[in-house]
Every structure is written in structure tokens, then in C-alpha cells.
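Visitor: one predicted model, sequence on top.
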Amino acid sequence: MKKFEEKKFNIPELIGMSASNIEEHLKLYSGYVKHSNLILEKIAELSNDAATAEANTYQIGELQRRFGFEFDGMRNHEFYFAHLEGGAKDIDVNGNLAKAIAEEWGSFDAWLARFKAIAMTRGIGWAVLYLDPTTGRLVNAWIDEQHLGHLTAAKPILMLDMWEHSFVADYKPSGKKKYVEDFFTNLNWDSAEQNFANAR
């Protein structure tokens, strides 16, 4: 069986976000890759023929639910860590992504204020900027946990991890807003620009 492979990220020193917290965060990502593989292996083991699959229907169903959580945790983090690679870089105001954001929300600043407000949603999850390839529109969304609320067929352009493990060690629970600000200070917009180009 083919396995999902853990990606490696070259993340420089960041403003506000410590190397130790990034290291611990990467370990969590590694766990999502590991468990995505383990769950698929276990499902295969429990369903290697029709009789076995029927006898293990309940276990397979629960594992399949868990797979969505682990898989999306893996992929979400790959977007997130890619945003922090290569050093901070501002968005190209003349680039396609900036133009699309301004077209959808009136201005980049209007979009950014709205996105930051979504990131402050109470609870654990992700703030996401998507491209809906059906309409060509950009859409903001909140994902509960790793997987609840992903927009079907939409392509992630920018993903901000708002689980407490991503910021509490450096910012304390009360520093959530500062973490969001520092994420954008550290963001290499080239990664989002590339995601947008790939999604179109």
C-alpha cells in the first residue's frame, strides 16, 4: 500500500513564534501523517474480504470518520507551514491574488480585517481563504477542528491554524490576537500566490 509521506519545511526564525513551538507543532503534523497511514492500513486489514468487512462494519465506519480528521490535519498543516518558509514577503499588490482579493472585498485591507475576525472565532479550528473554482470567487471560511466545514471542491489559498497548540506556548491564551498579527508579519505571500495560481 502506498503511504503518505511527511514533508520537510525550511522555516527561518520568526517574529513572536518560537523555534521550540514550531518544532513541537511539526511533531503534531508528523503524527497526522503517521496516523493517516495507520488508519488506512487498519481499514484494509478489517476489510480484506466481504465477510470480514461485514463483521467489522462498525469499526471500519469509526476509523473512516477518524481518517477525515487525520488526513485534513496533515494537509492543513502542509499549507500552514509552507506559508512560513523562506522568510516574510509582502503580497504583490500588482499580482493576481491581490487583484482577486480587491475585486471580491473592495480592497486588500477590507479582506484582511474580515479574515482576522474569522480567525478570532471561539473554539479550535482554522481560518481559510479558498478559491471556488466553479465560480472563480474567493471565499473566507472557518473550519471546526481539522475537517468540519471544509468547502467541497474549493481550493485552499491561505490557511491559518487557530488550534491552541499553535500559539499558547508563545502567547498565552490571552495572546490569540497577537499571534494572528504575527502570522501575517511572518507570512511569505509567495506561497499563497502559488496556491492561487495552482487553483485557477
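Guide: Received it, and whenever you're ready, just let me know what you need.
Visitor: which ones are touching Ser36?
Guide: Going by CB atoms under 8 Å, 6 or more residues apart in numbering, Ser36 touches 4, 67, 70-71, 74. C-beta here means a position set from N, CA and C on the backbone, and glycine is covered the same way.
Visitor: ok, for it, nearest residue in space, not its chain neighbours?
Guide: In space, Ser36 comes closest to Glu70 once its chain neighbours are excluded; the distance is 4.5 Å by CB to CB, 6 or more residues apart in numbering.
Visitor: what about the one you found, how many neighbours?
Guide: 23 (other CB atoms under 10 Å).
Visitor: ok, it to Glu145 distance?
Guide: Between Glu70 and Glu145 the computed distance is 11 Å (CB to CB, to the nearest Å).
Visitor: what do you get for Leu97?
Guide: 27 Å.
Visitor: show me which of the two is the more surrounded one.
Guide: Each of Leu97 and Glu145 has its neighbours counted (other CB under 10 Å); Leu97 has more, 24 against 16.
Visitor: past the lowest-mean-pLDDT helix or strand in the chain, which element shows up next along the chain?
Guide: Within the chain, no helix or strand scores below helix 50-55, which has a mean of 83 by mean pLDDT, DSSP states H and E. Remark: after helix 50-55, the chain's next helix or strand is helix 57-83, criterion DSSP states H and E.
Visitor: mind listing what's buried in that following helix?
Guide: Across helix 57-83, burial judged by 16 or more other CB atoms under 10 Å covers 60, 63, 66-83.
Visitor: do the same with stretch 142-149
Guide: Quick answer for stretch 142-149 (16+ other CB under 10 Å): 143, 145-147.
Visitor: before we move on, what SS does Ala153 have?
Guide: Three-state call for Ala153 (DSSP: H, G, I helix; E, B strand; the rest coil): coil.
Visitor: thinking again about what came up before, redo the contacts of Ser36 as JSON lines? Include distance to Glu104.
Guide: Formatted as JSON lines, these follow (distance: CB to CB, whole Å):
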{"residue": "Phe4", "distance to Glu104": "33"}
{"residue": "Phe67", "distance to Glu104": "33"}
{"residue": "Glu70", "distance to Glu104": "32"}
{"residue": "Phe71", "distance to Glu104": "29"}
{"residue": "Met74", "distance to Glu104": "29"}
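Visitor: give the contact list for the spatially most central residue of the chain.
Guide: For the chain, the residue nearest the mean C-alpha position is Asn76 (2.6 Å; CA atoms, centre = their mean). Taking CB under 8 Å, 6+ apart, we find Asn76 in contact with 126, 143, 146, 156, 159, 161.
Visitor: so the second one: helix, strand or coil?
Guide: Following three-state DSSP, the label given to Ile143 is strand.
Visitor: cool, and the third one?
Guide: Using three-state DSSP, the secondary structure recorded for Gln146 is coil.
Visitor: phi and psi next, for it.
Guide: phi -110, psi -20 (degrees, to the nearest 10).
Visitor: this completes my enquiry, with thanks.
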